[in-house]
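>>> requesting a structural model of the entry that follows:
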Amino acid sequence: MKMIKLTKKQARQFLLIKHGLIGDYKFVGKEGILNYTKQVGCIQYDPIDACGKNADLVLLSKVKGYKKKMLDELLYQDRKLIDYFDKNLAIFCDNDWIYLKRKKKTYDFLTRHNKNVEMACDLVKKTIKENGPMSASDFKNKEQITWTWGNKSSLSRACLEHLYYIGELGIHHKKGTIKYYDLIENCISIKILNKPDPNKTEIDYLKWNVLRRISAVGMLWNKASDAYLCIENLKANKRNEVYQELLKDKKIIQFEVEGCKESLYCLSTDLYLIKEVIKNPKLKKRCEFIAPLDNMMWDRNLIRELFEFDYKWEIYTPQSQRKYGYYVLPILYGDIFVGRIEAGYTKKNKLLEVKNIWFESSIKPSKKLESEIAKHIKKLEKFNQEEL
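Alright, predicted model coming up:
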């Protein structure tokens, strides 16, 4: 097969069509949430809520009619989604639990270093079995211990987290950021829990995971990338082997993008998208605010290469060293990033404060662009006013 070559504009359009960020909305309502999650594998969860939590902001930009309660229902009522570890803390479809079983062994090893926790876990499980879902504050034992990363924690919280890490407890529901834990069999169907791990070998697991991350971003290159975070044992030699295996299995397609030194790869099932963008279609512009940990942004070097947009989430950067702000969202318009916005929502007066908007030096804001941004500020404010 002749090597496919795309322009940067075509590569950008490929990503945006796949993520449903250009033209009409590709994903709609609760079914759209499930379809998007299946496509990307997982959506990163982060509890910080400056103007919406990361998972909400991801879905707000892609799912028509998205409401906070939709995600909450899929997680804690319908039980079609699970929050657990994947790319850090994440949300993924219930059927993927069987593939991620082996992660439990990693966390068991990492957290089984405190004898007090080990000794108290059986009692914690027994208490939950008798009383139903519980949070750390529901336990009377307030004994303090040194827990992960050297932080102080109550013994009950440490036990709950340990049992969650190793897959014996699940999150039954949340009230704000407070987690209520229950036995895993009450959070995931027994049918799924009893299924064996489909990946028989480590290389099978790595192939499944890398393929999933390629789909999560849309396209990736075979080099070090934040998109591969939390895939255990994926060193360069293993990654090379995985890519060769996936090519051999015809699971992925290799292609080139003008100006990029490295080849890029996408799913073979996305060949139709490549054919579509090669025709240079006229795509309807849409304006969206992109979440800081959005799947498409997982490889920021790729974003810089294709979009000429240099984005860093500065939340952990000391204030004096920030170039922009604490919680800044990229502004997408059509197939380019036109700028970034920092906004903060205050629950007391139910208002969204726009702290700043920075346009890229190459952008001269038109009335149309300013109108679209204003419309999306209102959309973001309305979303934040929703109650669960």
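>>> against Ile377, how distant is Asn54?
19 Å (Cβ to Cβ, to the nearest Å). Backbone N, C-alpha and C define where each C-beta goes, glycine included.
>>> so for these two, which sits in the more crowded spot?
Asn54 (21 against 17; other Cβ atoms under 10 Å).
>>> chain neighbours aside, what residue packs nearest to the more buried one?
Counting by Cβ to Cβ, 6 or more residues apart in numbering, Asn54 lies nearest to Asp46, which is 4.2 Å off, once chain neighbours are set aside.
>>> helix/strand/coil for that neighbour?
Three-state assignment for Asp46 (DSSP: H, G, I helix; E, B strand; the rest coil): coil.
>>> care to break the protein down by domain?
103-193, 287-384 (automatic domain parsing).
>>> Cys51: what's it in contact with?
Shown in contact with Cys51 (Cβ atoms under 8 Å, 6 or more residues apart in numbering): 57, 327, 329, 343-345, 352, 380, 384.
>>> just the buried residues out of those residues, in ChimeraX syntax.
Here is the ChimeraX command that selects only those of the contacts of Cys51 that count as buried (16 or more other Cβ atoms under 10 Å):
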select :57,327,329,343,344,345,352,380,384
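>>> for the stretch 1-150 of the chain, give me the ranges with low pLDDT.
1, 108-113, 148-150 (pLDDT under 70).
>>> what segments of it are strands?
Here the stretch 1-150 of the chain has its strands, by DSSP state E, counting those that start in this stretch, at 4-6, 27-28, 42-44, 63-64, 81-86, 88-93, 144-146.
>>> same check, this time on the stretch 201-350 of the chain
Ranges of strands within the stretch 201-350 of the chain are 252-257, 264-267, 287-289, 328-333, 336-346, based on DSSP E, counting those that start in this stretch.
>>> ranking those by burial, who's on top?
The highest average neighbour count among these, using mean count of other Cβ atoms under 10 Å, belongs to strand 328-333 at a mean of 24.
>>> now do the same contact list for the residue lying closest to Asp96 once chain neighbours are set aside.
Closest residue to Asp96 apart from its sequence neighbours, by Cβ to Cβ, 6+ apart: Gly41 at 7.1 Å. Going by Cβ under 8 Å, 6+ apart, Gly41 touches 86, 92, 96, 212-213, 215-216.
>>> and for Thr106?
Glu232.
>>> can you pull the phi/psi pair for the residue nearest to Asp96?
With angles defined as degrees, to the nearest 10, Gly41 sits at phi 90, psi -60.
>>> doesn't Ile43 make contact with Asn88?
No - counting by Cβ atoms under 8 Å, Asn88 stays clear of Ile43, with 11.0 Å between them.
>>> which one's more surrounded, these two?
Using other Cβ under 10 Å, the more surrounded residue of Asn88 and Ile43 is Ile43, with 27 against 12.
>>> gap between the more buried one and Ser366?
Using Cβ to Cβ, we find Ile43 at a distance of 32 Å from Ser366.
>>> then Asp335?
Using Cβ to Cβ, Asp335 is found at 16 Å from Ser366.
>>> between those two, which is the more surrounded one?
Ranked by neighbour count (other Cβ under 10 Å), Asp335 and Ser366 place Asp335 first, with 23 against 11.
>>> tell me who's in contact with the residue lying closest to the more buried one once chain neighbours are set aside.
Nearest residue to Asp335, sequence neighbours excluded (Cβ to Cβ, 6+ apart): Arg12, at 4.7 Å. Listed by Cβ under 8 Å, 6+ apart, the contact set of Arg12 reads 306-307, 335-336.
>>> what about the residue nearest to Asn54, how many residues nearby?
With other Cβ under 10 Å as criterion, Asp46 counts 17.
>>> now do the helices in the chain.
Using DSSP state H, the helices of the chain run over 8-18, 29-40, 54-62, 68-76, 103-111, 115-131, 155-165, 190-193, 202-217, 236-248, 271-278, 300-307, 367-384.
>>> in CSV: the ones you listed, plus distance to Ser361.
Output for the helices of the chain, formatted as CSV (distance: least, Cβ to Cβ, whole Å):
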stretch, distance to Ser361
helix 8-18, 18
helix 29-40, 31
helix 54-62, 24
helix 68-76, 36
helix 103-111, 43
helix 115-131, 53
helix 155-165, 45
helix 190-193, 51
helix 202-217, 26
helix 236-248, 36
helix 271-278, 27
helix 300-307, 14
helix 367-384, 15
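>>> export the strands of the stretch 201-350 of the chain as JSON lines, with columns for distance to Tyr181.
Output for these, formatted as JSON lines (distance: least, Cβ to Cβ, whole Å):
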{"stretch": "strand 252-257", "distance to Tyr181": "38"}
{"stretch": "strand 264-267", "distance to Tyr181": "36"}
{"stretch": "strand 287-289", "distance to Tyr181": "33"}
{"stretch": "strand 328-333", "distance to Tyr181": "32"}
{"stretch": "strand 336-346", "distance to Tyr181": "28"}
